[in-house]
Structure formats: C-alpha cells, structure tokens
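Enquirer: Give me coordinates for this.
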Amino acid sequence: MKRNTARVCRSLAILAVVVFGSLGFASPAQAKGSLKEQVAVIAQDIVAALQDLKQTSVAVGDFTGPPAVDSNFGPGLAEVLRQELTNLKVSVNKDAPYALQGRYVKLDDKENRDNIVVKLALELRDSNDDLKGNFQAIVKDNASIAQMLGVTVSLPPKAPRDDRNEKIKDAVENPKVFLDGTKIRTKKGSEYAVEILVNGQPRKPTLDDKGNPYVEIKRGEIYAVKTHNDARTEGAVSMTIDGVDQFHFSKVRDPKTGGPKYSNYIVAPTGSYTIEGWHKDNSVVDQFLVTEKGLGAATKAKVFGKTGVITVTFRVAALNAKDLPEDENARGSSENETGFGPPKAVNLKEVTRVLGVERDIISIRYTR
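Expert: I've put the predicted structure just below:
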C-alpha cells in the first residue's frame, strides 16, 4: 500500500492538524501517473528545448481546461509547472522572450475505454508567436484526475484503480451530490462533509445548471471552509481554491524543496475543523476574501486561468500505518477570485501522521 508519513500541526483547541509532504492535489505517495510526476517529466523536456534555444528563462501563461467540464485547475497546473522549472534552475519570468501555455483535456483511456485520463498539452512559443516546441503527457492517477476536473465523488478505498476511475468518470458526466442542509456530502450517509461559512454563518448551497454544488459568495464577503469528519478515525483534509493550494503562501517552508512544509489539515474523529484562511504560520492566517479578478490569491501566485472553485479532499490519517482502517486499499469582471482578508489568529502545533488513500473529493463553485 502506498501511504505518506507526514508532519502535521494540531490545533490545541479543536484537534485540527496541518500536514507537510506532497502537494494538496497529489496522491500521498505521488502515485504513478500523477500530475506532479508527469509535469516533472515535461519540465525536463522544456529545459532541454530552452537549452537548444540558449535560453535560461521562460514565461508561464494560461492553461485552459476541457470546455465541457466546469473546472479551474489551470492555475494549479501552471503553479506545479513553475515549481518544477524553478527546481531545474529555470527562471520563470513573465517578460521572458519565450512563453509556455497549454491545456488539459479529458480523454478515454486507450488501455481501458471505460476509464478516463487527462492529457496535458503544452506549447512553447517565441515573441512572434512562432511555435518552438510541443510537450505532452498523460495523467492517470485517480486523485489528480478528480481534482483537475473539479468533481465531487466518493471513492471506495478498497476498490482497484479501474473501479475508482469509473466512479470519477461517472461523476464528470453525471454530477451527483447530497445537500444535507448547509452541509455538502458526496452522497447520503458519507462520513465527510463541507460547509461554507460566510461572515461566520453557514450559507445554504444549491446546485448549478450542471448539478455541481454551488454557494454564492459576493465580492467583499469573507468566508471560511468548515470540514466535518463523522468517522471514528482522524481525517486528513487538503484543499485548493482557484487552483491554488491552501498552504501556497505559508511562511513555513520545507528547507529541502523550498515549497510549503504543510499540505493537509487533520480533523479529529467525529469532529470538525474550520479552515479560516490562507496559512501564514501556525499562529496567523489571512482570511478568505472574495475580490474581483486580478486582485486575488491566484493572481498573486502568478498563475492565471478560470477561478471560482473550492476543492476539498478527505483521507484517513493515523499515527502508524498499522492503525489505518482495514478497508484501506492494498494496491501497488463578472469573474471573482479569492484574495486576502484581515489576519486571524490560530493555534497550531506540529505532529506526525500516516495518510491513507483519497476517499471523498468535494468541489464547490462560488462564482458563475
């Protein structure tokens, strides 16, 4: 079984935890065919192309998603690429003479037509818009696919990859969600739920015209994301907003990678935890504030694309691998974005946990 051992931060008051390790949208063990793994391969090819052009810098532009799927992972994809290029000593600069842009597309898996994959297609162009390189990769990791396509889905942990993938495909083509008052669940009876609190009060969700959960949050409103764990085991929660990981702006960095040290909050058994804002350190967060396009966090992160989707992923967490549940898989401007509200005090402390596979993924639209 592939699992991730990670350091975490525990809220002294309500047992919330922040985990470090893989990026929030990646599988705990960076499963084969994951987004991060495939982007790392593409980044190496891009570096080789830049070397042939005698260039050491590149601009990273927009990444568009599939037209039929209302997703917003373009900003997140651009950020992963930027990180990988930076790790390879390439300067990412918007004024560079060469620029990358691309798209991600949902396709049938050639190895199993009942499954889906996500194809990444990138182009390198010069300042005259002449094509200087094409780069492609296929993402097969279920967690990456679900989060890139912005689906709400419950994934049976003991099922093989193909069965979990079929669940994701059905969620893309036929969105289903259970609205439990102000809580959003993947299905009736699910042990995990999300509430959106606006100015401290739960706001009732509805469904958009495609059947996806939607909560209206107006410009100037501050919101928080309350996560619920009805299970008898700890739950690990990762989250992206407008494609940007919740810890992207954290001052607590991993000395080895330079990236954020943390990637998950952990919710106590039969408990809840409210994520109040962008993590700065273990004492302060910047609250989530809806603002006009161009003034929010995605723009500050220098990644661009469609905004307006909050994606929350739930996993089981435990002190040791042997403590994970038995059902863990034994496999091998009308536009808005979320910006920075006033700082808010929090109280977090590091601990260590082992994470299981993804169980529930909930994607909430907050702008039409």
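
Enquirer: Tell me where the longest strand sits in this protein.
Expert: Scanning the chain for the strand with the most residues, using DSSP state E, yields strand 348-365.

Enquirer: my guess is G339 contacts Q287, does it?
Expert: No - using Cβ atoms under 8 Å as the test, G339 is too far from Q287 to be in contact (9.6 Å). In this view, the C-beta of every residue, glycine as well, is placed from N, C-alpha and C.

Enquirer: Looking at the two, which is more packed in?
Expert: Higher neighbour count among G339 and Q287: G339, with 22 against 17, using other Cβ atoms under 10 Å.

Enquirer: mind checking pLDDT for the more buried one?
Expert: With respect to pLDDT, G339 scores 80.

Enquirer: Check the one 5 residues further on too.
Expert: Reading off the per-residue confidence, K344 sits at a pLDDT of 89.

Enquirer: Can you report how many residues lie near it?
Expert: By other Cβ under 10 Å, 15 other residues sit near K344.

Enquirer: shouldn't it be in contact with L289?
Expert: No - using Cβ under 8 Å, K344 is not in contact with L289; the gap is 11.3 Å.

Enquirer: Can you give me the buried ones in stretch 82-98?
Expert: 82-85, 90, 92, 96, 98 (16 or more other Cβ atoms under 10 Å).

Enquirer: Looking at these, which has the smallest pLDDT value?
Expert: Within the buried residues of stretch 82-98, Q83 has the lowest pLDDT, namely 86.

Enquirer: who's in contact with that residue?
Expert: Q83 makes contacts with G259, as judged by Cβ atoms under 8 Å, 6 or more residues apart in numbering.

Enquirer: Repeat that for F314.
Expert: Contacts for F314 (Cβ under 8 Å, 6+ apart) come out as 192, 227, 229, 235-237, 358-362.

Enquirer: Are any of the residues you listed buried, and if so which?
Expert: 192, 227, 229, 235-237, 358-362.

Enquirer: could you dump these to CSV with distance to K210 and pLDDT?
Expert: Below are those laid out as CSV (distance: Cβ to Cβ, whole Å; pLDDT from 0 to 100):
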residue, distance to K210, pLDDT
Y192, 22, 97
T227, 24, 96
N229, 28, 95
G235, 27, 92
A236, 28, 92
V237, 25, 93
E358, 22, 86
R359, 23, 90
D360, 19, 90
I361, 16, 89
I362, 15, 91
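
Enquirer: any low-confidence regions in the protein?
Expert: 1-32, 68, 70, 293-307, 329-335, 368 (pLDDT under 70).

Enquirer: and I275, how far is that from I42?
Expert: According to Cβ to Cβ, to the nearest Å, I275 stands 31 Å off from I42.

Enquirer: neighbour count winner among the two?
Expert: A count of neighbours by other Cβ under 10 Å puts I275 above the other of I275 and I42, at 25 against 21.

Enquirer: Quick check: closest non-adjacent residue to the more buried one.
Expert: Once flanking residues are discounted, I275 sits nearest to V225: 4.5 Å by Cβ to Cβ, 6 or more residues apart in numbering.

Enquirer: For my notes, confirm that neighbour occurs in a strand.
Expert: Yes - if the criterion is DSSP: H, G, I helix; E, B strand; the rest coil, then V225 is within a strand.

Enquirer: which parts of the helix or strand D162 falls within are buried?
Expert: In this assignment (DSSP states H and E), D162 forms part of helix 161-173. In terms of neighbour count (16+ other Cβ under 10 Å), helix 161-173 has its buried residues at 161, 164-169, 171-172.

Enquirer: and if you look at stretch 140-158?
Expert: Result for stretch 140-158 [16+ other Cβ under 10 Å]: buried residues 140-155, 157.

Enquirer: Endpoints of it, how far apart?
Expert: 18 Å (Cα to Cα, to the nearest Å).

Enquirer: go on, stretch 250-257?
Expert: End to end - Cα to Cα - stretch 250-257 spans 14 Å.

Enquirer: Mind listing residues that contact it?
Expert: By Cβ under 8 Å, 6+ apart, the residues outside stretch 250-257 that reach it are 20, 87, 259-262, 278-282.

Enquirer: Let's see if you can find the most crowded of these.
Expert: Neighbour counts for these (other Cβ under 10 Å) peak at Y262, which has 28 neighbours.

Enquirer: Just to check, it is in contact with F247?
Expert: Yes - under the criterion of Cβ under 8 Å, Y262 makes contact with F247 at 4.8 Å.

Enquirer: what's the longest helix in the chain?
Expert: Determined from DSSP state H, the single longest helix within the chain is helix 35-52.

Enquirer: I'd like the next helix or strand past that one.
Expert: Downstream of helix 35-52, the first helix or strand assigned by DSSP H and E is strand 57-64.

Enquirer: same for that following strand, what does it pack against?
Expert: Packing partners of strand 57-64 (3 or more Cβ pairs under 8 Å, 6 or more residues apart in numbering; DSSP states H and E): helix 74-87, strand 91-92, strand 98-109.
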